[in-house]
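Participant: pasting the sequence and the predicted model now:
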Amino acid sequence: MKRITYLNISTRLLLKNLGFVYWHIIGVVLWLQGGIFAGGLAVAYLDDKPILDSLYLAFITALTVGYGDMVPKSGLSKLIAIGIGFIGIVFTGVVVAASLKALEMTIKDQTNSKL
């Protein structure tokens, strides 16, 4: 069985690798955020709600927090909210995967520099 040991991770190197990874996926991140934003605008139009309230609803739904203080009213708005939720799940997965890739690169860089 492989023994897990504590690694002293360089914060500067980790931030550099995070920047490198996120630079390569910025298009995906912007498209996902744009989808959440567009969904919020659609809910504002369909339910005749203030735009800021609908954007709040969209981002709270995407983050899967769902306080319940605001809910979509019409059937189409509810369907859009479901889509926003799925976009949020994908967005979270992309952010976690990119962060883990940056951490993996940092550990690899540090172990290679010690050899």
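Facilitator: Perfect, thanks for sending it.

Participant: same question for the helix or strand that Y22 is a member of, mean pLDDT?
Facilitator: Counting by DSSP states H and E, the element that carries Y22 is helix 11-47. Mean per-residue pLDDT for helix 11-47: 95.

Participant: same check, this time on stretch 73-90
Facilitator: pLDDT averaged over stretch 73-90 gives 95.

Participant: could you check the angle the helix or strand in which S113 is found makes with helix 11-47?
Facilitator: In the assignment (DSSP H and E), S113 maps to helix 75-114. Helix 75-114 and helix 11-47 meet at an angle of 170 degrees, taking axes from the mean of the first three to the mean of the last three Cα atoms, to 10 degrees as the criterion.

Participant: who are the packing partners of helix 75-114?
Facilitator: helix 11-47, helix 51-62 (3 or more Cβ pairs under 8 Å, 6 or more residues apart in numbering; DSSP states H and E). In this view, the C-beta of every residue, glycine as well, is placed from N, C-alpha and C.

Participant: any buried residues in it, and which?
Facilitator: 77, 80-81, 83-85, 87-88, 91, 98, 101-103, 105-107 (16 or more other Cβ atoms under 10 Å).

Participant: from these, which is closest to L46?
Facilitator: S77 (4.7 Å; Cβ to Cβ).

Participant: residues in contact with that closest one?
Facilitator: S77 makes contacts with 42-43, 46-47, as judged by Cβ atoms under 8 Å, 6 or more residues apart in numbering.

Participant: try 6 Å
Facilitator: 43, 46-47 (Cβ atoms under 6 Å, 6 or more residues apart in numbering).

Participant: returning to what we had before: any idea which of the helices and strands packed on helix 75-114 is most buried?
Facilitator: Highest mean neighbour count of these: helix 51-62, a mean of 20 (counted as mean count of other Cβ atoms under 10 Å).

Participant: which other helices and strands contact that one?
Facilitator: If contacts are counted by 3 or more Cβ pairs under 6 Å, 6 or more residues apart in numbering; DSSP states H and E, helix 51-62 sits against helix 11-47, helix 75-114.
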